[in-house]
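Peer 1: okay, predicted coordinates and the sequence, questions at the end:
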Amino acid sequence: MPEKAILEITDLHKSFGETTIIKGISLAVRPKEVIVVVGPSGTGKSTLLQCINLLTRPTAGQIRLADETITAPGVNVNRVRQQIGMVFQEFNLFNHLTALDNVTIGLTQVLGMKRDDARRKGFFELERVGMVEHAPKYPAQLSGGQKQRVAIARALGMDPAIMLFDEPTSALDPELTGEVLGVMQKLATEGMTMLVVTHEMGFAREVAHRIIFMEGGHIVEEGAPASFFNHPRTERARQFLSTIRRAHGGGELPAAIDGAPS
Amino acid sequence: MPEKAILEITDLHKSFGETTIIKGISLAVRPKEVIVVVGPSGTGKSTLLQCINLLTRPTAGQIRLADETITAPGVNVNRVRQQIGMVFQEFNLFNHLTALDNVTIGLTQVLGMKRDDARRKGFFELERVGMVEHAPKYPAQLSGGQKQRVAIARALGMDPAIMLFDEPTSALDPELTGEVLGVMQKLATEGMTMLVVTHEMGFAREVAHRIIFMEGGHIVEEGAPASFFNHPRTERARQFLSTIRRAHGGGELPAAIDGAPS
Amino acid sequence: DDQLNVIKARGKLIVGTSADYPPYESVDDSGKFVGFDMALVREVAKRMGVEVEIKDMGFDTLIAAVQNKKIDLVAAAMQGTAERDKTVDFSIPYNFVKDAFVTSTKADVQMTTPKDAAGRKIGTQTGTIQETWIRKNLVETGLTPEEDLFQYERVDNAGLDLAAGRIDLLLIQYKPAKDLAAKMDKLKIALVTTETVAAGQCLALPEGETALKAELDRVIGQLQQDGWIDQQKKAFGID
Amino acid sequence: MHELPQTFLTILHYLVPGLGITVSVTLIALAIGFFIGTLMAVMRIYGGPFLRPLAAAYSMAVRAVPVVVIIFILYFVIAELVDLSPFLSGAIALGVASGAYQSEIFRGAILSVPPGQMIAARAIGMGRFTAIRSIILPQAIRIAIPAWVNEFTLVLKDSTLVYVIGVPELLRRAQWVSARTLEPFLAFGTAAAFYLVFTLVASRLLGSLERRYKIIQ
Amino acid sequence: MPIGEFFAFCQKVLPDLIQGTGVTLKIAGGALLIGLVVGLPVALLRVYGSVWLRRLAGAYINLFRGTPLLVQLFVVYYGLPDLGLTFSRLAAAYLTLGLNSGAYQAEYLRGALQAVGSGQMTAARAIGMSRLTAIRHIILPQALRLVLPSWSNEMIAIIKYTAVVFLIAVPDLMGKAKIISSRTFAPISTYIIVALIYLVVVGLASIVLHHVGKRFETPGLENPETATR
Ligand SMILES: Nc1ncnc2c1ncn2[C@@H]1O[C@H](COP(=O)(O)OP(=O)(O)OP(=O)(O)O)[C@@H](O)[C@H]1O
Ligand SMILES: Nc1ncnc2c1ncn2[C@@H]1O[C@H](COP(=O)(O)OP(=O)(O)OP(=O)(O)O)[C@@H](O)[C@H]1O
Ligand SMILES: [Mg+2]
Ligand SMILES: [Mg+2]
């Protein structure tokens, strides 16, 4: 993939007061690439995503999106954020709006789309995440997995150049997790560029083109899923994988079940 | 284990208004036995636990704890609940009390223990879950895993005859999950009788004596972990295991990592 | 029980007043109740051979309090009217007063008779005899529209409105009017009159206490005859 | 206007003795209101089908009726039956009124304690009453502090009403001196300054209490 | 007063008292509206403003919550003319009660704004909304729903506190009651009628607000109490 990077991060630093969280990260994401970021809690994964869509200001370093250096002073952050879709762990759906209105409000209020066009696009995006029959429901009437799918549709509505996911399934039951991961996998197939922080190793293995292992504000290891999971080069990555594996205990499930009907 | 059951549930039913959630469950738990309950979301696992410690009133059926029929009318529910320790998914620590006071408040206010004795026992229980050095901290100052360990200590403080766990780790990060499962495993080794609802198949496989698979308010399948995981008899159990496995994706982790240093 | 006996038995006369109406009743720098009415009730108590205790209350409370016998009588420059007489009793009047119309020095108000107030924005104190007079003679006769009658709870507020030109005239008793005009250089007396005065100032006491009324009437008669009242009126500048 | 400093001294002389009355009426009323308020709030949320509407009716009726009328009732009706000084009648009347407002404040606060707290308390065998007393209320009261500061300022200002039954508090004294000096602006302005200072001191104190006992969620 | 006499008395004084009730409702309504118009921006400044704007808003709130309403009315009505600002009685009543209510409403609104989870603002900014758009379309619609219960408290308070306007000779319900009671010398009967009128007015107003609240409730997020009723 010698294509030009759509997102390019160069030597990014971020401190909160005295403590430095991100200590020099460089990363290039090519169009249609799916990158999964893993790493222990508190290493700055969420902070990295927040820097990318300027929800927090980097302390040093550069971020380039398409052809624009978005960390330059005077950049219109609202316009930048429209090009970056973000999905949070806690869904953060707008509680007072229906599923459909959650998708359309950005279209009418930010992009200035007409109501009818916005509705049409809203239904299209809900369809894309399999939520079209829930369009008139309010967030409080939806299950966690359904909420997260609406949140994805809301971000997709803005036609972003790249989608960021911050642990999109960790507030969900295993069964609900499946439906959200399914939607994300479908997006990847459709060619969406994605940067995903997740603990779901099955998804990482199947969908990601590249795995980034972060720790302590650095990228410690980086590689294709197969090599990362099977032959982690660093001791830390090895440890991390072993903890994850032990907790979920799936490692000992017999291969036989793999072929079970589903 | 031909010993007499410590908890015996006979033909339990529970309805909320029109909808019946538990549709006739019978189950006997022997002393020191660890039972893991699994099953899809909404099948009544939490409701079952709530019936056992009378947080909700069964519609029909009997529950016997030790030698007392606790579902009989006129039973003192507060005394019954003291004999049943309960641990929730959301920890539910008392927010205005320190870790230590969370454990001691039941001792002083419910059991009428003296302050000093309660403190001594409080420290003992915190020690048991490895939290003694966090005794003076407030819930908001603890990580999720630490909170859950305090919640376990709080339940243990009442010297319950049986402990019920309702998805004790599903609000936790994979890494924090480990520490809580460790504590639960230790309790099992110490001979605590436990009824655990969990999605952690690794734990179920290693610690449980029996697995109960519930669906739609019934017990669909029941057996030793090895046979349940390796040769699920029913189609539904097979499907369920496959969904869980897919989401966590651990099934394809190579055996090699199993032996990695940790 | 007979209230007079109650007073005699307790050896103390409990008097209610609303102490914001100098020179009849107010509070001096040492916190003592002073004024013409206050001097009067002290003298009345002395001649009845009892002590006196004075309580300061809201005007409405005074009436309810005397009805409930929380106090024995009210001394608050109160004039006895037939309507009021239905719910409380009044002693014989101890003082006949003059009223005055106050106006602003800037306003061109010329008055020779009270009826000259017709058509002006006029203020008065809530629930007073003066209010009743205005209502009867100016409002109900159509000379002054209802909305041009303003009722103030307190005289000093009315004075401030007069000075600011929000009303043209203020009808109150002569003595407070004189004081008001002396204090605020923007105000002057337009007319002094007795035509607006209905009844004299009386002490109010609980309904049906004939023995107490007889005793009060007796003492007040005495005070009038031996010149005590005239002498005190002079001392307080009331004429 | 010519002898302003002199007038000002006179005003102070009148007002200062009223300060103690205003402060103590306010504090007594708040204490009574606190007791009634917590009780009513608990009844409203945890009470049965009889206590619930009772507490709701109390809150509605008392909040609808002007405080002066409640003072009248205490002074002319209740004080006939039990021996109450005007000072106590006034303070209790204000407490009864504040109780209704405080019950609303505490009701809101109790409802915002997560439901899991009650469940967890019952699960370790606590009785309903013990759970309310040692788990729910301690948290609810902390949540209620900001709204309580509001209520404090309202009770302080309502305390001016006790003058109608003969308790010479701060504002009535301002009326006395304003009637004498005909300087209402200065008299009431000085009284207002006292109120402002009292409010600020109290909200500072309660504010630090709030920070001290804040429950980080 | 015997019951028969009481009814006769009612008949005599009710027309006057009802007229006073009209005045009370007019002023209370106007003051609540002004309070909302003033309180909303003040609350927004207090939550989203710069440090200085926050302080300024805080000072306004402290000033109006910290001093008796009566004093505020005196300053506006008698004090400001010294500075060349003369208001009519009604204008002074609306202005004072409105500014006073504004301070309280600002505080209630601040609480509601802060009760809308911070995630809502983050999510709104993340789809490229400006702060202002986010406040207008995401935060406020939720905050206004949350503020309704305290708003009903404020409404009751203002209806009652309107009574101060009688000091500047505006004859509201309480003022009419005072006039009647000092003319007829029947304060207790008068105030019993007044209490009943307030009860009815406040009761009706609460019912209206309750229905407004229900109308704007977000499905699935109902107030647990009203939902079970
Ligand atoms: N606004 C902030 N002010 C101060 N410290 C912060 C702030 N935001 C985050 N941090 C700190 O930065 C560190 C990294 O946080 P971050 O949320 O990026 O980690 P993470 O890798 O996403 O962890 P997790 O897996 O738990 O989500 C944490 O120690 C956190 O406490
Ligand atoms: N108080 C209640 N009133 C009405 N329905 C209820 C109540 N509590 C639970 N239910 C319903 O009972 C069903 C079973 O709920 P329960 O929480 O026991 O399931 P579960 O097996 O624990 O699921 P999960 O894995 O999601 O926790 C659900 O459909 C739920 O909506
Ligand atoms: Mg994170
Ligand atoms: Mg459950």
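Peer 2: Yep, that arrived. Ligands and ions are numbered 1, 2, ... in the order given.

Peer 1: enumerate the residues of chain E near chain A.
Peer 2: With CB under 8 Å from any CB of the partner chain as the criterion, chain E meets chain A at residues E:117, E:119-120, E:122-130, E:133, E:137-138, E:141-142, E:145, E:218-221. For every residue, glycine as well, the C-beta is placed using N, CA and C.

Peer 1: redo that, cut-off 6 Å
Peer 2: E:119, E:123, E:126-130, E:133, E:137-138, E:141-142, E:218-221 (CB under 6 Å from any CB of the partner chain).

Peer 1: close enough to count as contact, A:His13 and A:Arg57?
Peer 2: No. Judged on CB atoms under 6 Å, A:His13 makes no contact with A:Arg57 at a distance of 11.1 Å.

Peer 1: and which of the residues of chain E next to chain A is nearest chain A?
Peer 2: E:Gly220 (2.6 Å; CB to the nearest CB).

Peer 1: residue in chain C nearest to chain A?
Peer 2: C:Glu147 (46.6 Å).

Peer 1: how close does that residue sit to A:Lys137?
Peer 2: Using CB to CB, to the nearest Å, one obtains 57 Å as the distance from C:Glu147 to A:Lys137.

Peer 1: please pick the buried ones from the residues of chain E next to chain A.
Peer 2: E:119, E:123, E:126-129, E:133, E:137-138, E:141-142, E:218, E:221 (16 or more other CB atoms under 10 Å in any protein chain shown).

Peer 1: and the gap between the residue of chain C closest to chain A and ligand 1?
Peer 2: 62 Å (CB to the nearest ligand atom, to the nearest Å).

Peer 1: which one's the longest helix in chain D?
Peer 2: Ranked by number of residues, the top helix in chain D under DSSP state H is helix D:4-46.

Peer 1: need the longest helix for chain C.
Peer 2: helix C:210-225.

Peer 1: where's that one relative to the chain centroid, distance-wise?
Peer 2: 19 Å (CA atoms, centre = their mean, to the nearest Å).

Peer 1: do stretch C:165-177 as well
Peer 2: The answer for stretch C:165-177 is 14 Å, by CA atoms, centre = their mean.

Peer 1: can you measure across it, start residue to end residue?
Peer 2: 17 Å (CA to CA, to the nearest Å).

Peer 1: so does it get close to chain D?
Peer 2: No. Figure legend: stretch C:165-177 not in contact with chain D (CB under 6 Å from any CB); closest approach 9.4 Å.

Peer 1: in that stretch, what counts as buried?
Peer 2: Under 16+ other CB under 10 Å, the buried positions of stretch C:165-177 are C:Arg166, C:Ile167, C:Asp168, C:Leu169, C:Leu170, C:Leu171, C:Ile172, C:Gln173, C:Tyr174, C:Lys175, C:Pro176, C:Ala177.

Peer 1: report whether that stretch contacts chain E.
Peer 2: No. With CB under 6 Å from any CB as the criterion, chain E is not reached by stretch C:165-177; the gap is at least 7.3 Å.

Peer 1: who's in contact with that stretch?
Peer 2: C:23, C:97-103, C:107, C:117, C:120-124, C:130, C:150, C:155, C:158, C:161-162, C:192, C:238 (CB atoms under 6 Å, 6 or more residues apart in numbering or on different chains).

Peer 1: would you mind checking those residues for buried ones?
Peer 2: Buried among the contacts of stretch C:165-177 (16+ other CB under 10 Å): C:23, C:97-103, C:107, C:117, C:120-124, C:130, C:150, C:155, C:158, C:161-162, C:238.

Peer 1: what residues are up against A:Ala60?
Peer 2: A:His13.

Peer 1: gap between it and ligand 1?
Peer 2: From A:Ala60 to ligand 1 the distance is 16 Å (CB to the nearest ligand atom).

Peer 1: and that residue, backbone torsions?
Peer 2: When quoted as degrees, to the nearest 10, the phi and psi of A:Ala60 stand at phi -150, psi 170.

Peer 1: tell me the secondary structure for A:Thr43?
Peer 2: coil (DSSP: H, G, I helix; E, B strand; the rest coil).

Peer 1: surely it is in contact with A:Ile212?
Peer 2: No. Using CB under 6 Å, A:Thr43 makes no contact with A:Ile212, being 11.1 Å away.

Peer 1: ok so, going back, comparing C:Glu147 and A:Lys137, which shows the higher neighbour count?
Peer 2: A:Lys137 (17 against 9; other CB atoms under 10 Å in any protein chain shown).

Peer 1: can you report how many residues lie near the nearest residue to that one once chain neighbours are set aside?
Peer 2: Distance criterion CB to CB, 6 or more residues apart in numbering or on different chains; nearest residue to A:Lys137, sequence neighbours excluded, is A:Ala99 at 5.5 Å. For A:Ala99, the count of nearby residues is 29 (other CB under 10 Å).

Peer 1: OK, contacts around A:Ala99?
Peer 2: Applying CB under 6 Å, 6+ apart, the residues contacting A:Ala99 are A:His134, A:Ala135, A:Lys137, A:Val150.

Peer 1: will you turn these into a markdown table that also has distance to ligand 2?
Peer 2: Shown next, in a markdown table, are the contacts of A:Ala99 (distance: CB to the nearest ligand atom, whole Å):
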| residue | distance to ligand 2 |
| --- | --- |
| A:His134 | 17 |
| A:Ala135 | 23 |
| A:Lys137 | 16 |
| A:Val150 | 20 |
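
Peer 1: out of those, which is nearest to chain D?
Peer 2: A:Lys137 (23.4 Å).

Peer 1: got phi/psi on that closest one?
Peer 2: Dihedral angles (degrees, to the nearest 10) for A:Lys137: phi -80, psi 150.

Peer 1: what do you get for the one 10 residues further on?
Peer 2: Backbone torsions for A:Lys147, taken as degrees, to the nearest 10, come to phi -60, psi -50.
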